[in-house]
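Trainee: predicted structure and sequence below. I'll ask about it afterward.
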2 protein chains.
Amino acid sequence: MARPRIKDVALRAGVSEKTVSNVLNDYVHVSERTRQAVREAIEELGYRVNLAGRHLRRGRTGIIALVVPELDIPYFAALANQIIAEAERNGLTVLVHRTRADRAHELAALDGFNSDFADGVILSPLALTAADLRERRGTLPAVLLGEAIEPGCADHVAIDNVRAAREATEHLLALDRRRVITIGGREAPGPGTAETRTRGYLAALADAGLPHDPAAVLPVREFRMPDGAAATAAALDAGLRPDALLCLNDQLALGALRLLHERGLRVPEDVAVVGFDDVEGGRFSVPTLTTIAPDTGAVAREAMGLLLTRIAESGDADAEPPRERVVPHRLVIRESTGGRSGTAL
Amino acid sequence: MARPRIKDVALRAGVSEKTVSNVLNDYVHVSERTRQAVREAIEELGYRVNLAGRHLRRGRTGIIALVVPELDIPYFAALANQIIAEAERNGLTVLVHRTRADRAHELAALDGFNSDFADGVILSPLALTAADLRERRGTLPAVLLGEAIEPGCADHVAIDNVRAAREATEHLLALDRRRVITIGGREAPGPGTAETRTRGYLAALADAGLPHDPAAVLPVREFRMPDGAAATAAALDAGLRPDALLCLNDQLALGALRLLHERGLRVPEDVAVVGFDDVEGGRFSVPTLTTIAPDTGAVAREAMGLLLTRIAESGDADAEPPRERVVPHRLVIRESTGGRSGTAL
DNA sequence: GCTACTTTTTACATCGATGTACATGGAGTG
DNA sequence: CACTCCATGTACATCGATGTAAAAAGTAGC
């Protein structure tokens, strides 16, 4: 038999369709007797609400879109996992899109182009500009992660990247490293992860009274292992003799570790290495990886919280101004900077 | 102004709503003039179809659900990435759920309980039984990945796990290793990944005329790095003196590599290590990891293909019987079994 | 027993797009 | 020129659930 409709349930329970709907939605003024009867009818028919109908009527889907550059970058995978868990906790479902770090895709995400079903978006942008955000026409509730495009443009959750990079660099300097280079850095104004972390790095150098060599900031195309290895190779081949690498994420760092190994350089004796993100791979690498560990659970929670508020507000003219949430991070010291030779167990 | 409806477009273009709908759906019999007029009106109003309405009317959402144990296991993350890409290519959107390897969650996924929106499901089960599948009442089109629950229960895509494990084991035996143990193995009948791969391992041992020590098959709770490290530690502590490890996925292998390093065992000189999945981490580990590389692109393509066919068929009484697709794999030999010291670049 | 409430239930319109079935009009045919 | 035929366009019902407004049923007070 075809899937039962609310009408079938109503018929069977001997009440009106609206009453069934009321039971489904836990409306208060339904007598216990009726409620029971409806429940039974639902049970007997194996009825389940048709979300299409509900959606059309209510204008909400209970789906949120999560938009990340690529899902096979462990940090984003872990984040997605957390966000899905968090969504589940709130009775929501997560639709995942990837942007491949493409500006057009990111813009489309904000305007809800591919996520027409979504009540809101959590976006991890890499290529958006502040102007993009200001000109944004869509009104889809959105929360940005990571990149701090510009304060006040949209709800935003991230760690304090400048401070984190500064702390990581200070840690390296405290180990008496003096030739610290940055893999994945980009010396430029702007809100990007690369830029903000580079600023933290430069600030730490300046504080320590160390000269700054522009050649020590090595940009990469993507934040993946091959890029980390390639950039490190390029640095060595260019004659830089770093005694420490500040890698702007763990993937870059793991790539760098591998390359240093291939070049016969010992970590941390010859070169110390730090990463960002605290992915699982860095807890089992040889050597294990010192890293800045953001509280991703907090990122997911805050992002979801902000988004839910936005969704609830949507339609209100008196919506709150954009909110900023800074989540905590900490420096986890492991073997790659001389930390205690941790056991994997 | 409120979001425009099809009605507004019709009004503006001076045609009927249906005509607008026809233009939207590329219906053939619309004169070029009318088509243009409608297009302009759409443009001017910034109209976009409301998927809720369309969904209700059509009964299809263009959303498919992808259900995996956890998204932060690199293999599943990579797979998800591929599937999302494949879905995009077909104009579909992917909803992601996690089961945490929980049978109830997996069942719910098959019945579409949390994926009510989805036109179909791609499920990577870990805990389902053949009985579950046979008793399945839901009619949501579904494709299973990986575990070969039982031939003929549902559409299914996987590599030939038995053969793959056999090849990997033969590779180790060809290196004159005689004490090969299996991390993550499970000696039992059944269709699970652990079970099938273990069978391949045992078959290779038998073929080589080697005795089989039940203690050499070490089950794990999860297929993650910590479990690999723990199981390896347990094996060593139990007095096994393996000269090769067949790890049933790369995460286990990477965990094992780390632990072997901690115990001062050299890879591959003292112990050779093989994994499954060919995740990126194994291409940059020290040493790099020999592994069985499934063609995940093919997995994604086949799964999507099967699912689309199923969705197209759904409703037909004369649906095809369950289909099986075996995708190719290959053994990639790297340093952990003495392969050429590959460069990371 | 009647009024004045409140609680419970119902009929109906509605959300937005599209399928059905039919009306229209112009081209082609004998 | 009447007539078929087909391309084009339209009115209306429909998908399934729920908000609105109002009817029906119940309760209390006098």
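Mentor: Thanks, I have the structure now.
Trainee: for the stretch 101-250 of chain A, just list every one of the helices.
Mentor: A:103-110, A:130-135, A:161-174, A:193-207, A:225-237, A:250-262 (DSSP state H, counting those that start in this stretch).
Trainee: and the strands in chain A?
Mentor: Residue ranges of the strands in chain A, as given by DSSP state E, are A:63-68, A:93-98, A:120-123, A:142-145, A:155-158, A:180-183, A:217-218, A:244-247, A:272-276, A:290-294, A:324-326, A:329-332.
Trainee: now the ones you listed in a markdown table, with mean neighbour count and mean pLDDT?
Mentor: C-beta coordinates here come from the backbone N, C-alpha and C atoms, glycine included. Formatted as a markdown table, the strands of chain A follow (neighbours: other C-beta atoms under 10 Å in any protein chain shown; pLDDT from 0 to 100):
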| stretch | mean neighbour count | mean pLDDT |
| --- | --- | --- |
| strand A:63-68 | 25 | 93 |
| strand A:93-98 | 24 | 91 |
| strand A:120-123 | 26 | 94 |
| strand A:142-145 | 26 | 92 |
| strand A:155-158 | 25 | 93 |
| strand A:180-183 | 28 | 98 |
| strand A:217-218 | 22 | 97 |
| strand A:244-247 | 31 | 98 |
| strand A:272-276 | 30 | 98 |
| strand A:290-294 | 24 | 98 |
| strand A:324-326 | 15 | 93 |
| strand A:329-332 | 18 | 97 |
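Trainee: in JSON lines, list those along with distance to residue B:81.
Mentor: Written out in JSON lines, the entries for the strands of chain A read as follows (distance: least, C-beta to C-beta, whole Å):
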{"stretch": "strand A:63-68", "distance to residue B:81": "10"}
{"stretch": "strand A:93-98", "distance to residue B:81": "7"}
{"stretch": "strand A:120-123", "distance to residue B:81": "17"}
{"stretch": "strand A:142-145", "distance to residue B:81": "18"}
{"stretch": "strand A:155-158", "distance to residue B:81": "23"}
{"stretch": "strand A:180-183", "distance to residue B:81": "24"}
{"stretch": "strand A:217-218", "distance to residue B:81": "26"}
{"stretch": "strand A:244-247", "distance to residue B:81": "23"}
{"stretch": "strand A:272-276", "distance to residue B:81": "21"}
{"stretch": "strand A:290-294", "distance to residue B:81": "22"}
{"stretch": "strand A:324-326", "distance to residue B:81": "28"}
{"stretch": "strand A:329-332", "distance to residue B:81": "26"}
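Trainee: circling back to that earlier point, which one of the helices of the stretch 101-250 of chain A lies closest to residue A:314?
Mentor: Residue A:314 sits nearest to helix A:103-110 of all the helices of the stretch 101-250 of chain A, at 14.3 Å, using C-beta to C-beta.
Trainee: convert the closest one to PDB, retaining C-alpha atoms only.
Mentor: Once side chains and other backbone atoms are set aside, the C-alpha atoms of helix A:103-110 remain, and they are given as PDB (Å, rounded to 0.1, in the frame of the first residue of the first chain):
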ATOM      1  CA  ARG A 103      35.200  32.200  -4.400                       C
ATOM      2  CA  ALA A 104      32.200  31.600  -6.600                       C
ATOM      3  CA  HIS A 105      31.300  28.500  -4.700                       C
ATOM      4  CA  GLU A 106      31.600  30.300  -1.400                       C
ATOM      5  CA  LEU A 107      29.400  33.200  -2.600                       C
ATOM      6  CA  ALA A 108      26.900  30.700  -3.900                       C
ATOM      7  CA  ALA A 109      26.800  29.000  -0.500                       C
ATOM      8  CA  LEU A 110      26.100  32.300   1.200                       C
END
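Trainee: check whether that helix contacts chain B.
Mentor: No: with C-beta under 8 Å from any C-beta of the partner chain as the threshold, helix A:103-110 lies outside contact range of chain B, at a closest distance of 10.1 Å.
Trainee: how big is the angle separating that helix from strand A:93-98?
Mentor: Compare the direction of helix A:103-110 with that of strand A:93-98 by axes from the mean of the first three to the mean of the last three C-alpha atoms, to 10 degrees and you get 160 degrees.
Trainee: what about stretch A:27-46, distance to the chain center?
Mentor: Mean-position distance between stretch A:27-46 and its chain equals 42 Å (C-alpha atoms, centre = their mean, to the nearest Å).
Trainee: okay, buried residues for that stretch please.
Mentor: A:30, A:34, A:35, A:37, A:38, A:41, A:42, A:45 (16 or more other C-beta atoms under 10 Å in any protein chain shown).
Trainee: next one: the spatially closest residue to the first one that is not a sequence neighbour from DNA strand C, what distance?
Mentor: Meaning residue A:30. Sequence neighbours aside, residue A:22 is the residue nearest to residue A:30 in space, at 5.3 Å (criterion: C-beta to C-beta, 6 or more residues apart in numbering or on different chains). Per C-beta to the nearest atom of the strand, to the nearest Å, residue A:22 is found 6 Å from DNA strand C.
Trainee: so residue A:330 sits against residue A:298, correct?
Mentor: No: in this structure, residue A:330 sits apart from residue A:298 without contact. The criterion is C-beta atoms under 8 Å, and the distance is 11.6 Å.
Trainee: so what's residue A:254 up against?
Mentor: Taking C-beta atoms under 8 Å, 6 or more residues apart in numbering or on different chains as the criterion, residue A:254 is in contact with A:225, A:228, A:275, A:281, A:282, A:285, A:289, B:281, B:284.
Trainee: so how far is DNA strand C from it?
Mentor: Using C-beta to the nearest atom of the strand, we find residue A:254 at a distance of 47 Å from DNA strand C.
Trainee: repeat for residue A:132
Mentor: Residue A:132 sits 26 Å away from DNA strand C, taking C-beta to the nearest atom of the strand as the criterion.
Trainee: one step back: make TSV from the buried residues of stretch A:27-46 and add distance to DNA strand C to it.
Mentor: Below are the buried residues of stretch A:27-46 laid out as TSV (distance: C-beta to the nearest atom of the strand, whole Å):
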residue	distance to DNA strand C
A:30	4
A:34	3
A:35	7
A:37	8
A:38	9
A:41	12
A:42	14
A:45	17
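Trainee: and which of these is nearest residue B:71?
Mentor: Using C-beta to C-beta, residue A:42 comes nearest to residue B:71 of the buried residues of stretch A:27-46, at 33.2 Å.
Trainee: thought residue A:10 was touching the closest one, still the case?
Mentor: No: at 10.4 Å, residue A:42 and residue A:10 do not qualify as touching, with contact defined as C-beta under 8 Å.
Trainee: okay, now the single nearest residue of the stretch 101-250 of chain A relative to chain B: neighbour count?
Mentor: Here the residue of the stretch 101-250 of chain A nearest chain B is residue A:229; by C-beta to the nearest C-beta that distance is 4.0 Å. When neighbours are counted by other C-beta atoms under 10 Å in any protein chain shown, residue A:229 registers 25.
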